[in-house]
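# this is a predicted model, with the sequence first.
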Amino acid sequence: MKGITPFFERVHAPYSKLPRPHDIDLSDGLSDTFGKCETEAAAANLVRFYQARGCWQPFTILELIDFYRKNLQLDDEGINRMFSGLAGAWEDNGGLSHLHESPDYFVLGADGCYYPTEEFIERLLKHHTKSFAAV
């Protein structure tokens, strides 16, 4: 897999060049971060999930679905878009319909858990709070 670096943050890890979930400001919905509003909405929901967990760590699909239903009150249609444009190819159905390939911002590990990639977290850097200072 080219350009994909799974990332795992231990709960008590020291700060690094990457922001932690609570350092991400979602007030603008991650506008101009992932290029498509559906992808930005999916990414913002995943950041909310990580903010509730306190760190970037692997998760199972069932943990994510449970969080989405309880905390975001998403229906099945919303849950089906949880990785919209964040993992693999996505379809642009606005106008001429064709597939786009994007970096995999989440990867499925052999353990059945999804891992965020450094590429995903680096994209969020422009939305970090003023309290975060990259090393």
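Yep, it's here.
# from now on I want contacts and neighbour counts done on CA atoms only, so please keep to that.
Will do.
# per-residue confidence at residue 18?
Model confidence at residue 18, given as pLDDT, is 81.
# I'd like the distance between it and residue 29.
In this view, residue 18 and residue 29 are 19 Å apart by CA to CA, to the nearest Å.
# what comes up buried for the helix ranked longest in the chain?
Longest helix in the chain, counting residues (DSSP state H): helix 37-53. Buried positions in helix 37-53, judged by neighbour count with 16 or more other CA atoms under 10 Å: 37-51.
# repeat for stretch 62-78
Using 16+ other CA under 10 Å as the test for burial, stretch 62-78 gives 64-65, 67-68, 74.
# could you list the low-confidence segments of the chain?
Where the chain drops to pLDDT under 70, the residues are 1-16, 88-102, 130-135.
# can you map out the strands along it?
Assigned strands in the chain, in chain order: 89-92, 98-101, 106-108, 114-116 (criterion: DSSP state E).
# still on that earlier bit, check the buried residues of stretch 62-78 and tell me the two furthest apart.
Greatest spacing in the buried residues of stretch 62-78, by CA to CA: 64 and 74 (11.3 Å).
# need the contact list for residue 82.
42, 45-46 (CA atoms under 8 Å, 6 or more residues apart in numbering).
# just send these back as JSON lines, with distance to residue 24 too.
Output for the contacts of residue 82, formatted as JSON lines (distance: CA to CA, whole Å):
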{"residue": "42", "distance to residue 24": "15"}
{"residue": "45", "distance to residue 24": "12"}
{"residue": "46", "distance to residue 24": "11"}
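# which one of those is nearest residue 125?
For those, the nearest to residue 125 is residue 46 (15.1 Å; CA to CA).
# how much space between the closest one and residue 20?
13 Å.
# with residue 118 instead?
Residue 118 is 12 Å from residue 20, where distance means CA to CA.
# more crowded one of the two?
The neighbour count for residue 118 versus residue 20, taken as other CA atoms under 10 Å, is higher for residue 20 (22 against 18).
# thanks a lot, catch you later.
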